[in-house]
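Asks: here's a sequence, model it:
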Amino acid sequence: MNVSINLAGENAIGFVDASEYMDNRDTILVYGVDDMKETLELIREGKVEGSIVTSFYQYGYIYYMIMLPGEYGRKRSGFLPILCSLTGRI
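Replies: Alright, predicted model coming up:
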């Protein structure tokens, strides 16, 4: 394995700890999710390559407004427009 893409805010932090313990940190690119203070600090330290930052509120809102039938929503098929950005070192 040479890339770790973590899907929960705390996972990147735990993965960095585990990879340092196993002494293989230099061979794995680590990406997190969310803009937690600890994850941002690991990005600054060069231990995490980047983090996917998005609005989880928006996920639910778009699902409710587009995918659910009813008074406010209209059911459609296709892709949902989710805004996100990748935060990393420059």
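
Asks: only C-alpha atoms from now on, for both contacts and neighbour counts.
Replies: Will do.

Asks: tell me where the protein has helices.
Replies: In the chain, the segments counted as helices under DSSP state H are 11-21, 37-45, 56-62.

Asks: in JSON lines: these, plus mean neighbour count.
Replies: Formatted as JSON lines, these follow (neighbours: other CA atoms under 10 Å):
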{"stretch": "helix 11-21", "mean neighbour count": "17"}
{"stretch": "helix 37-45", "mean neighbour count": "16"}
{"stretch": "helix 56-62", "mean neighbour count": "12"}
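
Asks: dump these to CSV, plus distance to V30 and mean pLDDT.
Replies: Below are the helices of the chain laid out as CSV (distance: least, CA to CA, whole Å; pLDDT from 0 to 100):
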stretch, distance to V30, mean pLDDT
helix 11-21, 7, 87
helix 37-45, 9, 89
helix 56-62, 21, 73
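
Asks: format the ones you listed as a markdown table; extra columns: distance to T27.
Replies: Shown next, in a markdown table, are those (distance: least, CA to CA, whole Å):
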| stretch | distance to T27 |
| --- | --- |
| helix 11-21 | 9 |
| helix 37-45 | 16 |
| helix 56-62 | 31 |
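
Asks: between these, which one is closest to S4.
Replies: Across the helices of the chain, S4 has its closest neighbour in helix 11-21 (8.0 Å, CA to CA).
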